[in-house]
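Asks: Sequence plus predicted model, see below.
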Amino acid sequence: MEESHRKAEAWKRGLLLAGILGLLVFVALLFWGDARAVGAKILTLSASLAFFLVVLSAFDYYFRFLRWQFLLKPFHFSLRHQESLIVFLAGLSLSATPGNLGEAVKSFLLEKRDIPVSKTLPVVFAERLSDGSGIALLATVGAVQFHYGWTILVAFKCFFLLAMLLISREKWFLSLIKFLRSRGKLSRVADSLDSFYASVRLVFTWKRLAFAIFLSACSAFFQTVAFFYLLKGIYAQITFMEALFFLNLSSIAGGVSLSPGGLVVVEGSLMALLLSRQVPVEAAATSVMIVRFFNLWLGFIVGIFALRWTIAHWVLDERY
């Protein structure tokens, strides 16, 4: 129970830090775009557009959840749909972490349902890898047209291929496991690593990852559509290809930077790209703030409630 309390406190500190950092970014955008002008732009948004953005964001998160379910499928866990959903939502609360790796909290929550961390951690890694790959796929479409951004995209694709190469080297993992088993006290680590690699091989197949990347691309596409219509509602002179390229290239830059949730990097690069297209600064700041609210902070807020529930009922068996 003491260890559970420590984990709960660590998660709480992580949430607080992410919230403070996110607030600072929003304040910076307000000052950059002139708070009054940004406020005026937000007030000009129609109720129908706001509703449309909510619907598109729902599809975005829905496809992320489908990917989570799909990657869990080969394990045949005795996990109810509602339990899987609450764990998925709880993971969103720690998405504002470097590389979104804080979402590994899902594995520790599932451990409370008697599902070993070694079996589900590869699923979280596969989510992150497919997420970046799906976004990179859409960004590449824009890069072909605009002849820009290839350095970031090539760097990410090299990382993807390197990760797949390392995973495919079964002999390396087996040699490491054999070495650990020969060291007595490390035999338990070897057992965990053995289980971990068995799960990795089950999840990281080209066919399974290809479909996970497709689902990620669908999620990113709904983000793009939301961003495009948001921009059109604020500033008419923007094309869909520009919206697609700007948003997804900025997301890749944020992922490569390993800043928490891509904070500062995503907002800064997206602002720079919009300003390079002569989008007025107040329109650019408003659109960046709103799109980041929907694709990051909305999940963060919902995730806090989900994490709070799981901590109270699964981790501590008491109100937290």
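Replies: Cool, the structure landed.
Asks: Kindly indicate whether the residue lying closest to Gly261 once chain neighbours are set aside is helix, strand or coil.
Replies: Leaving aside its chain neighbours, Gly261 sits nearest to Ala96 (3.4 Å; criterion: C-beta to C-beta, 6 or more residues apart in numbering). Bear in mind the C-beta positions are built from the backbone N, C-alpha and C, glycine included. Following DSSP: H, G, I helix; E, B strand; the rest coil, we place Ala96 in the coil state.
Asks: ok, how many other residues are close to Ala96?
Replies: Burial measure for Ala96: 25 neighbouring residues, criterion other C-beta atoms under 10 Å.
Asks: Run through the strands of the protein in chain order.
Replies: Assigned by DSSP state E, the chain shows no strands.
Asks: is it true that Phe294 touches Phe52?
Replies: No. Here Phe294 does not reach Phe52: they are 11.2 Å apart, not a contact under C-beta atoms under 8 Å.
Asks: Could you check which of those two is surrounded by more residues?
Replies: Phe294 (21 against 16).
Asks: For the nearest residue to that one once chain neighbours are set aside, give me its contacts.
Replies: Leaving aside its sequence neighbours, Phe294 sits nearest to Ser57 (C-beta to C-beta, 6+ apart; 4.3 Å). By C-beta atoms under 8 Å, 6 or more residues apart in numbering, the contact set of Ser57 is 222-223, 226, 294-295, 298.
Asks: any chance of those residues in JSON lines, with distance to Ser107 too?
Replies: As requested, the contacts of Ser57 are exported to JSON lines (distance: C-beta to C-beta, whole Å):
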{"residue": "Phe222", "distance to Ser107": "26"}
{"residue": "Gln223", "distance to Ser107": "25"}
{"residue": "Ala226", "distance to Ser107": "30"}
{"residue": "Phe294", "distance to Ser107": "26"}
{"residue": "Asn295", "distance to Ser107": "23"}
{"residue": "Leu298", "distance to Ser107": "23"}
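Asks: which of the residues you listed count as buried?
Replies: Listed as buried from the contacts of Ser57 are 222-223, 226, 294-295, 298; burial here means 16 or more other C-beta atoms under 10 Å.
Asks: Can you lay out those as a markdown table showing distance to Thr151 and pLDDT?
Replies: Output for these, formatted as a markdown table (distance: C-beta to C-beta, whole Å; pLDDT from 0 to 100):
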| residue | distance to Thr151 | pLDDT |
| --- | --- | --- |
| Phe222 | 27 | 96 |
| Gln223 | 23 | 95 |
| Ala226 | 27 | 95 |
| Phe294 | 28 | 91 |
| Asn295 | 24 | 89 |
| Leu298 | 31 | 91 |
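Asks: can you pull out the helices in the chain?
Replies: 2-33, 35-44, 47-72, 81-92, 105-111, 117-146, 150-168, 170-181, 187-203, 206-234, 240-257, 265-276, 281-292, 298-310 (DSSP state H).
Asks: For the shortest one, list the C-alpha coordinates in CSV.
Replies: I take that to be helix 105-111. Only the C-alpha atoms of helix 105-111 are listed here, as CSV (Å, rounded to 0.1, in the frame of the first residue of the first chain):
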residue,chain,number,x,y,z
VAL,A,105,0.8,4.7,-16.3
LYS,A,106,-1.8,2.5,-18.2
SER,A,107,0.5,-0.5,-17.7
PHE,A,108,0.7,0.1,-13.9
LEU,A,109,-3.0,0.6,-13.6
LEU,A,110,-3.6,-2.7,-15.5
GLU,A,111,-1.3,-4.4,-13.1
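Asks: so what does it touch, helix or strand wise?
Replies: Secondary-structure packing of helix 105-111 (3 or more C-beta pairs under 8 Å, 6 or more residues apart in numbering; DSSP states H and E): helix 81-92, helix 117-146.
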